[in-house]
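Chemist: sequence below, structure please.
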Amino acid sequence: MKYSFIYLLFLFYLGISVVYGFDIYLSPNGTDIDGCGSSTGSACFSLQGAKQYLVDNKIVIYNVLMAPGYYDYRFIPILELNNIYLLVVSGEAGRANETIITMSDSGEFISLFKSLLRLNQLTIAHSTIGKVPYNRIVLFPSSFGFDSILLTIRPTISDFYLQNSTLIVDNVTFFNNTRKLLILAEGSLFVFRNSTIQKNIYDVLFEFTESSVLFTGPRIISNSLTLAIMSANDTYITLNRALFIYNYSIYGIIFYETYFYLNSSRIQNNVSRIGILISINSKIILQNCIIQENISSTSSGIIYISETSSGYISTCIINGNFGPSVSDIGTASTSYEIMLTIFSNSSVNQHSISMYDSGSLTIQDCAFFNINGTIIRSDSRVSVVVMYTLFHDIDGVAFDIDGGGFLLMISNFIRDCTSRDALFRFTDRAYFLAAGLIVISTKSSKLISASMESKVYLYICYFENNEVDNGLIYGKELYQIYLSSSIFQHNTGTTLEGLISLDQTGVFVAEVTRATNNYAPYGTFITYRELDDGGQNRTCISEIDSSTFIDNRAWISGATVYYMTPDIICKVIFNNSHFINSTSTFGGNINSYYNNFSVILPRILDTPEVIQVSIAAFDAFGNDYRGSNEISFYVQERCDNVNISGIQQVSLTPTGKSIMYNIEISGFPGTSCDLIFTSIPPARTGPLAYNIIIIPCKKDYKPYAYQGKYYCLKQRDISHTSIVAFSVLTAVLMAITLVFGIMILVYWKNIMIQHSNPYFLLTVIVGLLFIAASNFLLFGTSTFSCIGKLVAVPIGVILCVNPVIIKEWRIWKTRKDSYFEQKSNLETFFLFKWLIILSIIPIILLIVNVAVSNSKPMYVYDIDKREVSHVCSNPEGWVYIVITLVYLMILLMICCAYVYMGRRYLSSPGSFNEPTYIGILIYNYIILIIVFISLRFSFPNNYNAQYITTASVDSAFILCTLLLLFCPKFYLTKFIEYQKKELVRNKDILQFYQMYCNDQGQLNLANHDIFTPDTPAQPTIIPDSTLFTSSSVDSTSPPSPSSSSSSLTTKNKKSKSKTTNNNIYNNNISHSIPDPNNLNLPPIISDANDNNVINNDNNVINNNYKAKSTSEPSSPFSSSSSLDEIFESQNNNIVNHSKKRKKRKK
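Modeler: Residues are numbered from 1 along each chain as shown. Predicted structure coming up:
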């Protein structure tokens, strides 16, 4: 480095051989002409005009006085000063803000070569620059590991260029300039005092090479730097009372092989992508500084110190800096110290200090509080020494050391910290040595975690009132943990583990240690966890010497030591240790996890038999395993003919016992079988086999398998006596039915058979035979019987009930229409047509029943009575039969209404009392159906009662049908002849009234033929031959020759009289005149005289009838005369007579 400028300063400050020059005046209104600048009146505009006064190579003080105002130097060329040793450019004192300069648009303002320039009381503002070329150069070597910041773009021009020169800036403000580089110094001295750089846009503010830089009271505020605030190479930089706030840059302040000293300064609210302070191969000293609320988005963080850098941080505050996954300080230095410094208010996922490579760091007399991340993070063989430091309100991993790193802590205090992981985490052969460590009131998953061959040594440490989930000290994977002269007091394990949690893969030694009033669910002092690899090829040592355990309590088990696995690889050894009042709720001083179990149950069993199994669990030390319900026990059989049902799984209770209630075991009688009991997790002794024996069945009992179980049952079927009794009864009824069927065929043309319709009777006979046949199928258990009974019963009932329903409806209809004199009251075509219509629904139900129902023989078990029955299985089939019966019962109820409405016709002449018997039969059908439906399902499991009920109803059905429908037709011959005579007699009487009564129903005495025995044989009214068809009169009766001539007249009369009252024919009118009260006519008011007249008329008629019957045994009417015509005429006469009587009465 060249030191010419040092010599110049020395002369200047000592006043040796200094030649004073003169004042040069500049004014905003000045003109750069020859001779300007000598006075205020002839002031120059710029130094270009005053350059004529500057003398090279002499120590001359030029005092350039700039008048207040605005100096627009945008188009002024660069001022180059060469060998000008002292040039002072000043504005008026106290008016710095009034002397404003705008620099040249070329990007270059002043260049100094072996010169000295001092700027004072000026404002340089609002300067811009045009396009300028860039050169890509390498600023620093890449050995420190941050290649992303090695290559940068350096502008080739700067506002102030210094080469072997001195630039002093006092009370100057740089404001709102948009330029490339402010200061570029090479081998120069740069002094920046009490000046401000604010709201400027630069690539770089300062760039120094082999220079000396002094900042005193600088204010760098709100500048936007596309590259860096400052870059330095081989430079000595001192900053006192500096203020860097609200600046944006990529690199911040970066220096290489530089001495950087920052004192009593503040770096705040700056944003940098790489870092705020970056030291490469330099010495960086921060003293009495505040570095807070800065943001760095990548790289090392706020401050980076390379491997070959050194220095220290003292009495600083590092607070609230933010950078995701970055650090406040990142150091790879082999020798760096932090003293009397406060770290506070860091953000989540941030490290206070990150260490790289083989760095070494000493932290002494510092304080860390309100840290929401990691304090020290290292992944290499670093060395960290922490002494006399306070850690308070830490939320995160305080120390995360791996890769063989070393941490030494001496006399440190940790209080009120929390961590979702370990507060101290050591992995991959890390080494932790603590002496005089005090940890109080922390809450974490683990306090100290050592894994992967890491080592932990604790001497004279104190742990109190800490709450941990997985142990204060956590060892894993070949750990080495040593405790000496340490105290554990009032600590709590909140989840499972106690103070020390180990996985039986390493070494644990404790000596002269005391544990007092500690609490945990399991093992208050040591908890051995389950092995991750089964403990293969591992050597584990656990020794406790000369230690004391007082008033420790385990909520569940293991007052001092608990093994969370039954694999006891690392058996703890106590030497000269004392246990005083240490207790556990469900265990002793040392317990383990579940190891094996035993069972108690009966050995000889019936089938099936419900038993209870008592189960007891034990730990690896033979103690009852209590305090847990996480163990489940299962039972199963290993025999083909033994089944287990019921509760086959049960959980262990906290008492260490468990009972399998209501286990039902069934097996083939005489079988011996092993029951296999298992547990989850499995017992170390494996499954437990227990042999049982099923006793054989007793006499008259046989083994049956039902619903996966074996039973000793006695077979019970339908009573043999019932089967014989009903079979004989059914055979008798069937024989009687066949006899009646034969008699119907024999007496086919009998008047009564014809009147009832023989096809109707034969259809009922066939139905009765079906019902009788079903009785023989009821007790059968073959497939044919099961299906046949479902078909026979509905068909039989349909063929019996439906014809009776049709018959009753037809009887009511014929009585209503007064056709009782017909040969048959039920036409054959009408019968079969309606039989088919009414049978559609039952037939559909029958088809669905046969198609859907799976009727087959099966065994029905009555387990409570230890009985079994062989029956047909089709409970759904009877549902369809019941639906059919309900349908028929509805039709029968409708017929009951017809029977009631036709109650006055039940014994009409010519009906042979058949309506009466059919009405009674309908009532019996309804009763039988109701009884069947009620009783059939009243015995769901009593198949003998079901058989008796069904067979009884079927027999009653057949019997009442035979008695009421067939017997009267073959045992009432005299009654049939009597009814024939009554029909003929009624016809004669009605014909007499037609011929000889007047309109008032009185005898016409003017007709002399009434008393003559030779009454004309021909009637006065010729009947309509169309009324006597094959259904109303015997087809052998020939029609009257005159019937065709009077047909129209007769039909007209019939149509009128029939609408008035056609029910008169249904009354038995033998031996008397028809009673008007039975004619459904309006009431007739009569007096005594009228009654006398009517009585006299009746006597005359009766006497005349007797006389005629004596003299003429046969009817005086032609056999072809119409009875309906006679009734119509008589009815009209009676009606007219009644009307006349009413008029007379009024």
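
Chemist: so which helix or strand of the protein has the lowest pLDDT on average?
Modeler: Lowest on mean pLDDT, DSSP states H and E among the helices and strands of the chain sits helix 1047-1060, with a mean of 36.

Chemist: and this protein, what are its domains?
Modeler: Annotated domains of the chain cover 19-125, 132-281, 424-591, 594-715, 720-969, 973-1034+1042-1145 [automatic domain parsing].

Chemist: any chance of CSV for those, columns distance to residue 379 and mean neighbour count?
Modeler: Yep, even glycine has a C-beta here, placed from its N, CA and C like the rest. Shown next, in CSV, are the domains of the chain (distance: least, CB to CB, whole Å; neighbours: other CB atoms under 10 Å):
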stretch, distance to residue 379, mean neighbour count
domain 19-125, 46, 18
domain 132-281, 13, 20
domain 424-591, 9, 21
domain 594-715, 38, 16
domain 720-969, 74, 18
domain 973-1034+1042-1145, 120, 16
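
Chemist: make JSON lines from the ones you listed and add distance to residue 326 to it.
Modeler: JSON lines is the format used below for the domains of the chain (distance: least, CB to CB, whole Å):
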{"stretch": "domain 19-125", "distance to residue 326": "35"}
{"stretch": "domain 132-281", "distance to residue 326": "8"}
{"stretch": "domain 424-591", "distance to residue 326": "19"}
{"stretch": "domain 594-715", "distance to residue 326": "45"}
{"stretch": "domain 720-969", "distance to residue 326": "78"}
{"stretch": "domain 973-1034+1042-1145", "distance to residue 326": "116"}
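
Chemist: who are the contact partners of the residue nearest the centre of the chain?
Modeler: Taking CA atoms, centre = their mean as the criterion, residue 630 is the residue nearest the geometric centre of the chain, at 25.7 Å. Neighbouring residues of residue 630 by CB atoms under 8 Å, 6 or more residues apart in numbering: 651-652.

Chemist: so where does it fall, helix or strand?
Modeler: Using DSSP states H and E, residue 630 sits in no helix or strand.

Chemist: which of the domains of the chain sits closest to residue 333?
Modeler: The closest of those to residue 333 is domain 132-281. By CB to CB, the value is 8.4 Å.

Chemist: rounded mean pLDDT for the closest one, please.
Modeler: The average pLDDT within domain 132-281 is 86.

Chemist: now swap in stretch 47-66 and tell me
Modeler: The average pLDDT for stretch 47-66 rounds to 82.

Chemist: from here on, call the first residue 26.
Modeler: Fine by me, first position is 26 from now on; the one you just mentioned is stretch 72-91.

Chemist: output it as PDB, nothing but the C-alphas.
Modeler: Extracted in PDB, the C-alpha atoms of stretch 72-91 (Å, rounded to 0.1, in the frame of the first residue of the first chain):
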ATOM      1  CA  LEU A  72     -14.700  24.000  -9.900                       C
ATOM      2  CA  GLN A  73     -14.000  23.600 -13.600                       C
ATOM      3  CA  GLY A  74     -14.000  27.400 -13.800                       C
ATOM      4  CA  ALA A  75     -11.800  27.700 -10.700                       C
ATOM      5  CA  LYS A  76      -9.300  25.000 -11.800                       C
ATOM      6  CA  GLN A  77      -7.000  27.700 -13.100                       C
ATOM      7  CA  TYR A  78      -6.100  28.600  -9.600                       C
ATOM      8  CA  LEU A  79      -5.100  25.000  -8.600                       C
ATOM      9  CA  VAL A  80      -1.400  24.400  -8.400                       C
ATOM     10  CA  ASP A  81       0.000  20.800  -8.700                       C
ATOM     11  CA  ASN A  82       2.600  19.300  -6.400                       C
ATOM     12  CA  LYS A  83       2.400  22.000  -3.700                       C
ATOM     13  CA  ILE A  84       0.800  22.000  -0.300                       C
ATOM     14  CA  VAL A  85      -1.700  24.600  -0.800                       C
ATOM     15  CA  ILE A  86      -5.000  25.000   1.000                       C
ATOM     16  CA  TYR A  87      -7.800  25.900  -1.400                       C
ATOM     17  CA  ASN A  88     -10.900  27.000   0.400                       C
ATOM     18  CA  VAL A  89     -13.800  26.700  -2.100                       C
ATOM     19  CA  LEU A  90     -16.800  28.600  -0.700                       C
ATOM     20  CA  MET A  91     -20.100  27.800  -2.300                       C
END
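
Chemist: these two touch, right, residue 789 and residue 989?
Modeler: No. Using CB atoms under 8 Å, residue 789 is not in contact with residue 989; the gap is 10.8 Å.

Chemist: nearest to residue 433 among the domains of the chain would be which one?
Modeler: domain 449-616 (5.1 Å).

Chemist: isn't there a strand covering residue 755?
Modeler: No. Per DSSP: H, G, I helix; E, B strand; the rest coil, residue 755 lies outside any strand segment and is helix.

Chemist: any weak-confidence spans in the stretch 776-925 of the chain?
Modeler: 839-850, 879, 898-903 (pLDDT under 70).

Chemist: just the helices in it please.
Modeler: 776-781, 783-803, 808-842, 853-863, 865-877, 900-926 (DSSP state H, counting those that start in this stretch).

Chemist: got those helices as JSON lines, with distance to residue 51 columns?
Modeler: Shown next, in JSON lines, are the helices of the stretch 776-925 of the chain (distance: least, CB to CB, whole Å):
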{"stretch": "helix 776-781", "distance to residue 51": "153"}
{"stretch": "helix 783-803", "distance to residue 51": "139"}
{"stretch": "helix 808-842", "distance to residue 51": "131"}
{"stretch": "helix 853-863", "distance to residue 51": "133"}
{"stretch": "helix 865-877", "distance to residue 51": "120"}
{"stretch": "helix 900-926", "distance to residue 51": "121"}
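
Chemist: and of the ones you listed, who's closest to residue 642?
Modeler: Smallest distance to residue 642 across the helices of the stretch 776-925 of the chain (CB to CB): 48.5 Å, for helix 900-926.

Chemist: closest to residue 102 out of the helices of the stretch 776-925 of the chain?
Modeler: Closest approach to residue 102 among these is made by helix 865-877 (114.0 Å; CB to CB).

Chemist: so which elements touch that closest one?
Modeler: Packing partners of helix 865-877 (3 or more CB pairs under 8 Å, 6 or more residues apart in numbering; DSSP states H and E): helix 808-842, helix 900-926.

Chemist: who's in contact with that helix?
Modeler: Outside helix 865-877, the residues that reach it (CB under 8 Å, 6+ apart) are 812, 815-816, 819-820, 823, 901-902, 905-906, 908-909, 912-913.

Chemist: now that helix against helix 853-863, angle please.
Modeler: Orientation check (axes from the mean of the first three to the mean of the last three CA atoms, to 10 degrees): helix 865-877 against helix 853-863 gives 50 degrees.
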